[in-house]
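A.B. asks: test case, fold it:
(one chain, ligands or ions: 1)
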Amino acid sequence: MISAIISFIKLSWLEKIKRGSDMNFLTRSYAKSLPTALLVTGMLWGGGSVLAQEAVQPEATHAVVKKQSVKAQKFMVATANPIATQVGYEVLERGGTAADAAVSVQLVLNLVEPQSSGIGGGAFMVYWDAKTKSLTTFDGREKAPMAATPDYWLGADGVPVKWFDAVVGGRSVGVPGTLKLIETVQQRYGNQDWAALVEPARALAEGGFQISHRMASAIAKAQGEEKLDIFDATRAYFFDKNGQPLQEGTLLRNPEFAAALSQIQKEGSKAFYEGPIAEDIVAAVKTDINGGILSLEDLKAYDVVERKPVCAPYRGYEVCGMGPPSSGALTVGQMLSLLSHFDLPALGQGAESTHLYLEAAKLAYADRELYMADSDFVKMPEGLLDQNYLAERAKLIDPAKAMSKADAGNPPWKEAQLRAPDSQLERPGTSHFSIVDAQGNVVSMTTTIETGFGSRVMTNGFLLNNELTDFSRAPEEDGKPIANRVEGGKRPRSSMAPTIVLKDGAPVLAIGSPGGSRIINYVAGALVNILDFGMDPQVAISQPHIVNRNGATDVEENTKAVAMISALQTKGQEIKVRDLNSGLQAILIRPGELIGAADPRREGSVLGD
Ligand code: GLU
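C.D. replies: Numbering: from 1, shown residues only. Here you go, the predicted model:
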């Protein structure tokens, strides 16, 4: 058996997959035979004193896998899928940088987790460059077509169309940014050949891969009312000839995607933004229902924007992430800044500290709704992270009594307040990965096609996003424009919060999550668990979620958090118990040691050396 395992691990990842190895064998073979390259599937909850003893209930589609932290010395990759993790590991093992690994990881995720991300979508990356010791961010968010106007989501009656009616079909498709983002970053920071980085996904698309449990469940759930089977190309890919959803373990080939990737190998992202693939995208969005207006010019003009990271101080750390058009770092930063006025480490985990957390969330989400959008289009207050402003806001938090709903504050701002709040909520269909390479570069990237399976529109073997539903569908309220309304060329407000935490000017943690507008809570909650309560990253992200988006408090069902409900109700919190499906992937960076963790609610994994 041992020698079989050793000869098995000497095979390339593609040969292993071709030999029909199931993923558990693949992962266990690494775990057993490479002591420093561990992968965390099928293991225990992490060791640590504050440990979630019960399994956390995942979304109905995926069984929880108990996991423990993974340790390594040189490099590490944590993604939402074991095949993607392995491909990233192999890039790092041959000396590639985090930027190189991100290319292979993202393209493989497109194939093996197509419901969540891909080149038909958008992404944000926070990048630590070890050479210059500097942090930067890249905005690969989708853009509205130039011809889009604020009434984009109004029906013939002048009333905003219903959210799900807007999702399905080409009208919700924004100009994708993910491919240009990974290309831009790889060109700047990579040392590997582009075509070789694209090759794992191309070969896997051509040779086929086994559908994972999570992907199969997602397909089955998306049939019927969720409309995954209404467009021909999409139906043909995800369903069999009898219209049945493809099952877990089915070998799925994607020759169209392989062909597209082969073009991308030769010409780079130009093959996507111009020429036949671009023409196919423009034709594909002209669906019978909800037809889109995205044009060849929109694709050709797409630009990735490098932006300054948004950082907030927290207990001696700098918590840095993605600024507008994402609301991620500003809202996470506000929550932490508000909490810095309370001694959470002394309080420890429990109803008292959770109540404070929920109140901070309400205040931060109130500002988010009113002020945050694409700042290239909308003037935003400069002072959203002004520490004096937030010290005043923190006084609104009563440790004994909950606010029902917080009002937005008045952060330092040169202009009069113009905006009306936007209560746009997103549904989860996103992925996060964290990578540290042997040179010390760090990637924290959250990547999305918006809801699960995006717009359901597929071309060239990849799905197109429905990101334009992240705009407010109503353009104004009571005569006041909504900051996050549709405008030509604008990027919809996001909640994605890829984060890198710095201590004394060096990175100590990379983390992020999917989860729609709850992302902000998932990330801030994990940061509190790690930075305030000193938890190991796996223990931290495995804790049951208790979140608030300026309304009722959501408590994760079937977890020990349910025991806290009555104490929170006594303080006046309105409680809803529900599934809370995060997908946190974290890497803690210590001198000479990397500690990685993948969310037990999904099928993610960690590999390092
Ligand atoms: N489209 C959402 C955003 O950009 C993310 C959706 C999700 O996390 O599932 O904020």
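A.B. asks: if I look at the closest residue to residue 172 other than its chain neighbours, how far off is residue 593?
C.D. replies: Distances taken as C-beta to C-beta, 6 or more residues apart in numbering put residue 466 closest to residue 172, at 3.6 Å, once the chain neighbours are dropped. Placement of C-beta: from N, CA and C, glycine included. Separation of residue 466 from residue 593 (C-beta to C-beta, to the nearest Å): 41 Å.
A.B. asks: could you point out which element follows the helix or strand of the chain with the lowest mean pLDDT?
C.D. replies: Lowest on mean pLDDT, DSSP states H and E among the helices and strands of the chain sits helix 23-33, with a mean of 29. Once helix 23-33 ends, the next helix or strand along the chain (criterion: DSSP states H and E) is strand 70-72.
A.B. asks: list the pairing partners of that next one within its sheet, with orientation.
C.D. replies: strand 593-598 (antiparallel) (DSSP bridges).
A.B. asks: which residues touch the strand it pairs with?
C.D. replies: For strand 593-598, contacts defined as C-beta atoms under 8 Å, 6 or more residues apart in numbering pick out 40, 46, 67, 69-80, 434, 436, 536-538, 540-542, 584-588, 604-606, 608.
A.B. asks: tell me which parts of the stretch 251-400 of the chain are close to the ligand?
C.D. replies: Contact residues (C-beta under 6 Å from any ligand atom) of the stretch 251-400 of the chain with the ligand: there are none.
A.B. asks: now residue 540, nearest residue through space, not along the chain?
C.D. replies: Residue 540 sits nearest to residue 529 (C-beta to C-beta, 6+ apart), 3.6 Å away.
A.B. asks: phi, psi for that neighbour please.
C.D. replies: phi -60, psi -40 (degrees, to the nearest 10).
A.B. asks: got it, and residue 124?
C.D. replies: phi -130, psi 140.
A.B. asks: give the contact list for the residue nearest to residue 405 when sequence neighbours are not counted.
C.D. replies: For residue 405, ignoring the flanking residues on the chain, the nearest one in space by C-beta to C-beta, 6+ apart is residue 550 at 5.8 Å. By C-beta under 8 Å, 6+ apart, residue 550 lies in contact with 361-363, 365-366, 369, 405-406.
A.B. asks: filter the residues you listed down to the buried ones, ChimeraX style.
C.D. replies: In ChimeraX, this line selects whichever of the contacts of residue 550 come out buried by 16 or more other C-beta atoms under 10 Å:
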select :361,362,363,365,366,369,406
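A.B. asks: please name whichever of the contacts of residue 550 scores lowest on pLDDT.
C.D. replies: Lowest pLDDT of the contacts of residue 550: residue 369, 91.
A.B. asks: so residue 327 is in contact with residue 520, correct?
C.D. replies: Yes. Contact criterion C-beta atoms under 8 Å: residue 327 and residue 520 qualify, at 7.2 Å.
A.B. asks: if we can go back for a sec, now, which of the contacts of residue 550 lie within helices?
C.D. replies: Using DSSP state H, 361-363, 365-366, 369 are the members of the contacts of residue 550 that sit in helices.
A.B. asks: make JSON lines from those and add distance to residue 477 to it.
C.D. replies: Compiled in JSON lines, these are given as follows (distance: C-beta to C-beta, whole Å):
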{"residue": "361", "distance to residue 477": "23"}
{"residue": "362", "distance to residue 477": "20"}
{"residue": "363", "distance to residue 477": "21"}
{"residue": "365", "distance to residue 477": "17"}
{"residue": "366", "distance to residue 477": "15"}
{"residue": "369", "distance to residue 477": "11"}
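A.B. asks: pipe the contacts of residue 550 into TSV and attach distance to residue 273 per row.
C.D. replies: Formatted as TSV, those follow (distance: C-beta to C-beta, whole Å):
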residue	distance to residue 273
361	38
362	41
363	41
365	35
366	38
369	33
405	43
406	42
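A.B. asks: residue 503: what's its closest spatial neighbour, skipping adjacent residues?
C.D. replies: residue 317 (5.3 Å).
A.B. asks: burial count for the one you found?
C.D. replies: By other C-beta atoms under 10 Å, 19 other residues sit near residue 317.
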